[in-house]
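Student: sequence first, predicted model second:
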Amino acid sequence: QGSFDWMNDMVTKADSIANLSVSLTDIGDSYIKTVDSNSGYDMLAMKITGSSTTTIGDGNSKAIMFAMSGLHPREYSPPELLMHWAEQLMDAYGNDADLTAMLDHTEIHLVIQSNPDGRAEAETNKPLYRRKNKNPGSDPGSCGEGDFGVDLNRNFPFRWGEGSGSSSDECAQTYRGTAPASEPEVEAIVEYCKKIFPEGQRKDDPVQQQQQAYSEESTMGIFFDVHSYGEFMIWPCKFIGYQSSL
């Protein structure tokens, strides 16, 4: 709940900063809320941008940055990282020329708690070491208390279920769900990204065209999924196994 209170505080704080806009959008519901509207959480996206200049650049459109954290609730630090970073950007707006210009030319979209049901349990019942969401599955009670649910990181539609990186076992920590984007949290994130990233820059067949570079003229966004395990920077597409030169 603390993250949601913080987001509301940031919206209020932005009201006192000239030309800075911070807004919240309800993009969907957590699994528990889809079952009981009086429980669970709204999925909230926070948008930060500035408007102290009318000159945006080519096409008069702002660049898009999307970042999410908290898919794996037991990774406690990524939501804190995004919150501190967002507040630093806000504090710098109007005071730091570089960061002010960045916000004037960029929309930053943050989903700080991508798995709010799981995060609530991770905070109140730490020994469970919860990684997945709270979907009890087809046979509730068949998995251990900390083992049921879907690994949201393996529920996204692109190449869902391929290879050995996920499991069809409902009790496995890498259980991918019953279908691509079967979980409401993932569906909410996917649909929100479709709205904020220009349709014209999407590939007709992303699987077959995965080695085709995006045009510099039409590409205007970047997507981050922030985790705290492994100390990796994974570039698309990880499953191919190509080594980045960076």
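Tutor: Sure, I can see it. This one's a predicted model, so the numbers in the text were calculated from it and none came from an experiment. Numbers count the residues shown, from 1 in each chain.

Student: using the three-state scheme, assign residue 232.
Tutor: Put simply, residue 232 is coil when judged by DSSP: H, G, I helix; E, B strand; the rest coil.

Student: again, but for residue 48
Tutor: Applying three-state DSSP: residue 48 is strand.

Student: would you confirm that it contacts residue 112?
Tutor: No. The pair residue 48 / residue 112 is not scored as a contact, 11.7 Å apart, by Cβ atoms under 8 Å. All C-beta spots, glycine's among them, are computed from the backbone N, C-alpha and C.

Student: check the secondary structure at the spatially most central residue of the chain for me.
Tutor: Centroid check for the chain by Cα atoms, centre = their mean gives residue 68 as the closest residue, at 2.4 Å. The three-state label given to residue 68 by three-state DSSP is strand.

Student: tell me which helix or strand the closest residue in space to residue 14 that isn't next to it in sequence sits in.
Tutor: Distance criterion Cβ to Cβ, 6 or more residues apart in numbering; nearest residue to residue 14, sequence neighbours excluded, is residue 22 at 3.7 Å. Assigned by DSSP states H and E, residue 22 belongs to strand 20-29.

Student: after the helix or strand hosting residue 189, next one along is what?
Tutor: Using DSSP H and E, residue 189 sits within helix 184-196. As assigned by DSSP H and E, the chain's next helix or strand after helix 184-196 is strand 221-226.

Student: neighbouring contacts of stretch 123-130?
Tutor: 73-74, 118, 121-122, 145-146, 149 (Cβ atoms under 8 Å, 6 or more residues apart in numbering).

Student: of those, which is the nearest to residue 99?
Tutor: residue 73 (30.3 Å; Cβ to Cβ).

Student: ranges for the strands of this protein?
Tutor: For the chain, the strands defined by DSSP state E cover 20-29, 42-50, 63-69, 106-111, 221-226.

Student: can you put those in a markdown table and add distance to residue 140 and mean pLDDT?
Tutor: Listed next are the strands of the chain as a markdown table, based on distance: least, Cβ to Cβ, whole Å; pLDDT from 0 to 100:
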| stretch | distance to residue 140 | mean pLDDT |
| --- | --- | --- |
| strand 20-29 | 19 | 97 |
| strand 42-50 | 23 | 97 |
| strand 63-69 | 28 | 95 |
| strand 106-111 | 28 | 97 |
| strand 221-226 | 29 | 92 |
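
Student: columns distance to residue 192 on top of the ones you listed, output as a markdown table?
Tutor: Shown next, in a markdown table, are the strands of the chain (distance: least, Cβ to Cβ, whole Å):
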| stretch | distance to residue 192 |
| --- | --- |
| strand 20-29 | 4 |
| strand 42-50 | 6 |
| strand 63-69 | 8 |
| strand 106-111 | 8 |
| strand 221-226 | 11 |
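
Student: rounded mean pLDDT for the helix holding residue 189, please.
Tutor: Averaged over helix 184-196, pLDDT sits at 96.

Student: what's the angle from that helix to strand 42-50?
Tutor: 30 degrees (axes from the mean of the first three to the mean of the last three Cα atoms, to 10 degrees).

Student: buried set for the lengthiest helix in the chain?
Tutor: Longest helix in the chain, counting residues (DSSP state H): helix 77-92. Judged by neighbour count using 16 or more other Cβ atoms under 10 Å, the buried positions of helix 77-92 are 78-79, 82-83, 86, 89-90.

Student: for that helix, packing partners?
Tutor: For helix 77-92, the packing partners by 3 or more Cβ pairs under 8 Å, 6 or more residues apart in numbering; DSSP states H and E come out as helix 2-14, strand 42-50, strand 63-69, helix 97-105, strand 106-111, strand 221-226.

Student: got a list of what residue 25 touches?
Tutor: 44-45, 47, 192.
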